[in-house]
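Chemist: What follows is a predicted structure for the sequence shown.
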Amino acid sequence: MYRDNRGCSHDQCTFCNFYKGYPFRAAPLSQIEEDLKEASKIRPNAKIIWASGGNPYTLNTNKLLQIAELFKKYLPKATTTTYAHIKDIKKKSLEEIKQLKEAGFVELVIGVESADDEVLKAVNKGYTAADVLEQCTKLEAAGVEYGLIYLSGLSEAGKNLQSVRTSLKTINKLSPIRIYYTTVAVVPDTKMYEDVRSGKFKEAGELERIEEMREFVAGTKIETEIYALTSTNAVPLVANMPEDRDAVLAYLDEVIANFTEFDEIKLAKSRAKMTRV
């Protein structure tokens, strides 16, 4: 791992405080080279580079190609994976994305969070479901693999099941190698936190979140991996789709059938203690 940039170039999502106090800044090439010199002494045969930071793929193509040259110089056996925002992909042409892939940027992780336009607008993601479809399809045309982060619980209480159905209409048209399924925690220093405190936004309960996960598994029709091992998920699981669907649904049905008011209180208290997304 090494750092391409600090902060997130978007940094306007209503649920996120991860980069609060860290304005977006691209690392100078000299710093990147020094980091790579050190890394090459420790792991000279590294196969994968994780370029960290909010969304390094936002850097212009020329800068990314210069970084890729440094990767090849110091870690010649490695390919690169990094975070991207949908807007980062949108501002790059298909040819640029192909060029970056050839240079080593072979995989992206994209925090789409949702493909429900009502939710995307409410949480200020800066794009629409149509953008998600168009830009991820462009990645596929370029031969770039990608994973999607889905963030459950973004709708108000009572609306999350319909929201996940809406999102899946788009996701099921795509070919992500993995879906990182996680669940929102309403944390301090965010607009969502203030909206909950003021009564403007009613947060989904824990049972509804588990029911949303079940709906997601049931409705995912593509070949992919659902990876749901983050600390915010009440039910951690990994499922290879579609072969694991029936077993996972049976497991989730059992969890839901045996869910108690005590479980609701315990999980809600644990989530309320979280301070970072």
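Modeler: Right, received. Where do you want to start?
Chemist: Give the next helix or strand downstream of the helix or strand where R209 lies.
Modeler: Under the criterion DSSP states H and E, the helix or strand holding R209 is helix 206-219. Note on helix 206-219: by DSSP H and E, the next helix or strand toward the C-terminus is strand 224-228.
Chemist: looking just at contacts, which helices and strands does that following strand meet?
Modeler: Contact analysis of strand 224-228 by 3 or more Cβ pairs under 8 Å, 6 or more residues apart in numbering; DSSP states H and E lists strand 178-183, helix 206-219, strand 237-241 as its packing neighbours. Where you see a C-beta, it was placed from the backbone N, CA and C, and this is true even at glycine.
Chemist: Could you pull up the residues touching Y83?
Modeler: The contact partners of Y83, taken as Cβ atoms under 8 Å, 6 or more residues apart in numbering, are A51, S52, G53, G54, N55, P56, Y57, L108, V109, I110, G111.
Chemist: try it again with 10 Å
Modeler: Residues counted as contacts of Y83 (Cβ atoms under 10 Å, 6 or more residues apart in numbering) are 4-5, 8, 50-58, 108-111, 149.
Chemist: hey, what's it bridged with?
Modeler: With beta bridges defined as DSSP bridges, Y83 has these partners: V109.
Chemist: residues in contact with the residue lying farthest from the centre of the chain?
Modeler: In the chain, the greatest distance from the average C-alpha position (Cα atoms, centre = their mean) is reached by K41, at 31.1 Å. Each residue near K41 by Cβ under 10 Å, 6+ apart is listed here: Y74.
Chemist: how close does it get to L75?
Modeler: 11 Å (Cβ to Cβ, to the nearest Å).
Chemist: ok so, going back, any chance of the helices and strands packed on strand 224-228 in CSV, plus distance to E261, mean pLDDT and mean neighbour count?
Modeler: Conversion of the helices and strands packed on strand 224-228 to CSV gives the following (distance: least, Cβ to Cβ, whole Å; pLDDT from 0 to 100; neighbours: other Cβ atoms under 10 Å):
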stretch, distance to E261, mean pLDDT, mean neighbour count
strand 178-183, 20, 98, 22
helix 206-219, 9, 98, 21
strand 237-241, 23, 98, 16
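Chemist: nearest to N258, of the ones you listed?
Modeler: Taking Cβ to Cβ as the criterion, N258 comes closest to helix 206-219 out of the helices and strands packed on strand 224-228, the separation being 11.0 Å.
Chemist: For the closest one, what is the distance to the chain centroid?
Modeler: Averaging C-alpha coordinates over helix 206-219 and over its chain gives two centres that are 18 Å apart (Cα atoms, centre = their mean, to the nearest Å).
Chemist: That one vs strand 237-241, what angle?
Modeler: Using axes from the mean of the first three to the mean of the last three Cα atoms, to 10 degrees, one finds that helix 206-219 and strand 237-241 are set 20 degrees apart in direction.
Chemist: Could I get the CA-only coordinates of helix 206-219 as CSV?
Modeler: Below are the C-alpha coordinates for helix 206-219, written out as CSV (Å, rounded to 0.1, in the frame of the first residue of the first chain):
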residue,chain,number,x,y,z
GLU,A,206,-31.7,-3.3,12.7
LEU,A,207,-34.3,-5.9,11.6
GLU,A,208,-35.1,-3.8,8.5
ARG,A,209,-31.3,-3.7,7.7
ILE,A,210,-31.1,-7.5,7.8
GLU,A,211,-34.3,-7.8,5.7
GLU,A,212,-32.6,-5.4,3.2
MET,A,213,-29.6,-7.8,3.1
ARG,A,214,-31.9,-10.7,2.4
GLU,A,215,-33.6,-8.8,-0.4
PHE,A,216,-30.2,-7.9,-1.9
VAL,A,217,-29.1,-11.6,-1.9
ALA,A,218,-32.4,-12.8,-3.3
GLY,A,219,-32.4,-10.2,-6.0
